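Enquirer: Need a 3D model of the following:
(one chain, ligands or ions: 1)
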Amino acid sequence: MTTSNTTTGDADPAVREELARLRDSIDNIDAAVVHMLAERFKCTQQVGRLKAEHRLPPADPGREARQITRLRALAENAKLDPAFAEKFLGFIIAEVIRHHERIADGATPSANRGTTSSPGE
Ligand SMILES: C=C(O[C@@H]1C=C(C(=O)O)C=C[C@H]1O)C(=O)O
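Expert: Numbers count the residues shown, from 1 in each chain. Okay, here's the model as predicted:
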């Protein structure tokens, strides 16, 4: 590998082919992640509405602790860094809780509006 290439244009054709093949898979995986996250947020929006209707708190730390334990074990089995898995879940849950707070305040959560200043915002 050289360090002078700023793009892959001047790399060996076989290398470019391999890179393109891997990037195709990465693009498919990224698309799947986006679709799965969209479905997850659809579910959590419903949870948020249910909680607001029944005056339940936006966050459930006990549930979160169980999810973290479960996800860390899944990550270990899958040879994914459990600390990364926990951080990733925490990032998503923090956003969900923000949505739930807004629903409880009577506002439309920004994830429904499709803007992008932060995840779901
Ligand atoms: C979705 C919920 O609300 C919050 C968000 C969670 C999540 O995104 O998984 C988990 C627990 C709660 O803090 C829930 O209570 O199930």
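
Enquirer: Is there any residue in stretch 52-59 that contacts the ligand?
Expert: Yes. Contact of stretch 52-59 with the ligand (CB under 6 Å from any ligand atom) involves residue 59. C-betas here are computed from N, CA, C, even on glycine.

Enquirer: distance between the ends of that stretch?
Expert: For stretch 52-59, the first and last residues are 11 Å from each other (CA to CA, to the nearest Å).

Enquirer: Buried residues of it, list them for me.
Expert: Across stretch 52-59, burial judged by 16 or more other CB atoms under 10 Å covers 52, 58.

Enquirer: Contacts for that stretch next, please.
Expert: Under the criterion CB atoms under 8 Å, 6 or more residues apart in numbering, residues 48, 50, 51, 97, 100, 101, 103, 104 lie in contact with stretch 52-59.

Enquirer: Distance from the helix of greatest length in the chain to the middle of the chain?
Expert: In the chain, taking DSSP state H as the definition, the longest helix is helix 13-53. Here the centre of helix 13-53 is set off from its chain's centre by 8 Å, with CA atoms, centre = their mean, to the nearest Å.
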